[in-house]
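Asker: Sequence first, predicted model second:
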Amino acid sequence: MSEPVTCKQHDSVLLITIDNPPVNALSAAVRLGLSKAFAVAEQEPTVKAVVLRCAGRTFIAGADITEFGKPMQPPALPEVLDQIDTFTKPVVAALHGTALGGGFETALTCHYRIAEASARVGLPEVKLGLLPGSGGTQRLPRLIDVKSALDMIVSGRQVAAPEAMALGAIDRIAEGDLTEQAMAYARELVDNSAPLRRCSDMAVNTADIGATFFAEYRTQVAKQQRGLEAPQACIEAIEIATTLPFAEGLKKERELFLERMASSESAALRHVFFAERQAPVVTDLPRDTPKREIRRVGIIGAGTMGSGIAINFLNAGIPVTLLEMKSEALERGIKTIQAYYDDRKAKGRMSEEKANACFARLAGTLDYADFNDVDLAIEAVFENMAVKHEVFAKLDEVCKPGAILATNTSYLDVNQIAAATSRPQDVLGLHFFSPAHVMRLLEVVRADKTADDVLATAMKLLGTIGKVGVVSGVCDGFIGNRMLKGYGREAGILLLEGASPSQIDSTMNRFGMAMGPMAMGDLAGLDIGSRAREERRQRGETVSPTDGAVADRLVEMGRLGQKSGKGYYRYEAGSRKPILDPEVDTVIEQAAKQLGIERRDISEEEILQRLIYPLINEAAKILEEGIAQRPSDIDVVWINGYGFPTYRGGPMHYADSIGLASILTTIKQYQQRYGDTWQAAPLLERLVQEGKRFSDL
Ligand code: 3H9
């Protein structure tokens, strides 16, 4: 294997190059290589300055996250950076791509920084439940103003080179070849006997920091980033930078970093980082599976879903043909999309030019014949098999051979939908989540006959439209909505047994869910579940009398949720803030009485178990049936589609963290009380018997 750190001397300047694909992470071999290179350069009298650069697509993207949680191989990064800090000749960092985390900390330790204009810098450790652990919290506030340093470190956002230069974090932008410019910069520093600009020698400017500044900042961040501990640790470390000398601050930062590294929050967020990167990999699909080209997309249905889906493609530069049956509906859809771009422009989130160009890629039509040139057609019409059959038969008729035909169904059988065409190999599900242009998740539903290249194309497309995607097999509700059923069922029964909507919601909020089940029901519309239950009854399926008992009564009263101003809660006109409504308590009490259910006090612990354990149990069944490829995919679905707290790592990671044996015992207790809806998944039983965790699968 070639050395990850190499040196080449050009006149008086030593060029140190890190080459550790894919992202030049600071693995043990890189740290060792850097340490050796600087030790040799320090002793070499003909070396008057050093340029540190990276080969490949980016400057160092940070510490090697795969090493976290394992015994640390020396030298530690702070030791290597100490060597660079105290190096007696000028060191210039040459930045391209993304200089992140330990990578940006390395650059901050160098005495000067030059970057390509397209480079980005940042300290994203907070997103991994950490704080910068190699001087970032002590050096950055010395180099730039404290408030900007706080903003960068607490948000973890990437800052483009020109902004970083305006802040003072970068000294120069390279106009031509980065390495040449960096070498010239180093020579210039030597020629001018420029001082070694060490952050460690600089003072923090606290002039604009008032006595209550940090306390106020903490409160504000605690509100915005509910349940997260890492942002608070970041603030603490930066506050320390304003009060303690550099060396002491560095020591404190390290202590906080090691504490965070051992936290369950960081373990969960690191798990999510790798889970999201693994999700698009389809185990039985070779990496080199050919892909079809997607140059134009057709969308059937210009409602909320269809318009949202269209925006994804328009933003990615892919033209869209939007189809509706009636001109009023089409116009409404086009207006929705236009309103989105107007809003982007008004809020300064998108330039006028870009927004106009995106909108110009949209064509509306009332005629299926205009789908003759689409490479991908996505149906987003009413959830009814007969309607879907009609749409797919039509698509089969008008679309060119090789076009991919996708359904956005959230429950229906994609195999049956595919059977309406003469080309089931070209059919798959693309289950977007509402609002489709905002939610990151996409379930890609692989039907029995979906061709490999169709699936491979869909997985590649995820990246193009900025989604995180997971493959699901065909079953009722796929991964996410199938799991949601038990969650919703138990929430409904808990209401009847004595919990109030706000008690259930606030318990789930405290657990970290973005929204409790009642508020979520009101947002989605209670009529949707009611209709689904009615359809099940009509199909001859048994629906338990407790299933949706309260919701169905509310729907009968016209309380459909936010859209009718009333659901489990009441809403003032134009507001989404739920207000408690005693009328609902009466409905619940009456429903319980009719069903002969005695109401009692219900603990927070019971609410949590009754809602979360069915998720875990159903997920185990989903895994066993091969509907999901791996446990971490299920975590990706629930974090990105259902507001499961990232700092708990998703339902599977959470289950592992509390222990499968205790979950199984509790599930069995509930089974005794409530019957077979609580039947434990055989996989869960097996894992407990074998002393394993989901992550062992
Ligand atoms: C840190 O630095 C702590 C210090 O303060 C203190 C230390 C003492 N390590 O995302 P991609 C892999 S904490 C190991 O698909 P992109 C990734 O798994 C770190 N591996 O590409 C993937 O592997 P695979 C702070 C890493 O172009 C491949 O690289 N830094 C690391 O969309 C490509 O990744 C961060 O948090 C890593 N650090 O985005 C930065 N980073 O191909 C984290 C990536 O096998 N990284 N990989 O699936 C990123 O944000 C993005 O990866 C990046 C590239 C923007 C760099």
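Answerer: Perfect, I can see it now.
Asker: Name the residue of the stretch 101-250 of the chain that lies nearest to the ligand.
Answerer: Per C-beta to the nearest ligand atom, Gly101 is where the stretch 101-250 of the chain lies closest to the ligand, at 2.4 Å. (Each C-beta comes from the backbone N, C-alpha and C, glycine too.)
Asker: I'd say that residue and Asp64 touch.
Answerer: No - in this structure, Gly101 is not within contact of Asp64 by C-beta atoms under 8 Å, at 10.3 Å.
Asker: Who has more neighbours out of these two?
Answerer: The neighbour comparison of Gly101 against Asp64 (other C-beta atoms under 10 Å) goes to Gly101, with 29 against 20.
Asker: got the residues of the chain near the ligand?
Answerer: By C-beta under 6 Å from any ligand atom, the residues of the chain that approach the ligand are 22-23, 25, 61-66, 77, 98, 100-102, 105, 124-125, 128, 130, 132-134, 136, 277.
Asker: filter these to the buried ones?
Answerer: 23, 25, 61-65, 77, 98, 100-102, 105, 124-125, 128, 130, 132-134, 136 (16 or more other C-beta atoms under 10 Å).
Asker: The stretch 51-200 of the chain: helices as residue ranges?
Answerer: 77-85, 102-109, 136-143, 146-155, 161-167, 178-191 (DSSP state H, counting those that start in this stretch).
Asker: List the contacts of the first one.
Answerer: Just to be clear, that refers to helix 77-85. 26, 31, 34-35, 38-39, 52, 63, 91, 102, 105-106, 109-110, 133-135, 198-200, 250, 254 (C-beta atoms under 8 Å, 6 or more residues apart in numbering).
Asker: List buried residues within the residues you listed.
Answerer: Applying 16+ other C-beta under 10 Å to the contacts of helix 77-85 flags 26, 31, 34-35, 38, 52, 63, 91, 102, 105-106, 109-110, 133-135, 198-200, 250, 254 as buried.
Asker: returning to that earlier point: can you name the residues that contact the closest residue in space to the residue of the stretch 101-250 of the chain closest to the ligand that isn't next to it in sequence?
Answerer: Nearest residue to Gly101, sequence neighbours excluded (C-beta to C-beta, 6 or more residues apart in numbering): Gly62, at 3.0 Å. Each residue near Gly62 by C-beta under 8 Å, 6+ apart is listed here: 23, 25-26, 100-103, 124-125.
Asker: Roughly how far does Arg510 sit from the ligand?
Answerer: 28 Å (C-beta to the nearest ligand atom, to the nearest Å).
Asker: Point out where the protein drops to low pLDDT.
Answerer: For the chain, the stretches flagged by pLDDT under 70 are 1.
Asker: Domains in it, by residue range?
Answerer: 5-261, 297-472, 480-627+659-696 (automatic domain parsing).
Asker: Kindly check the end-to-end length of the shortest one for me.
Answerer: The straight-line separation of the ends of domain 297-472 (C-alpha to C-alpha, to the nearest Å) is 22 Å.
Asker: same check, this time on the last one
Answerer: End-to-end distance of domain 480-627+659-696 (C-alpha to C-alpha): 22 Å.
Asker: before we move on, the earlier item: phi, psi for the residue nearest to Gly101 please.
Answerer: Backbone torsions of Gly62, given as degrees, to the nearest 10, read phi 130, psi -170.
Asker: Asn408 too?
Answerer: Per degrees, to the nearest 10, the backbone of Asn408 is at phi -100, psi 20.
Asker: so it sits right up against Glu383, yeah?
Answerer: No - counting by C-beta under 8 Å, Asn408 stays clear of Glu383, with 9.4 Å between them.
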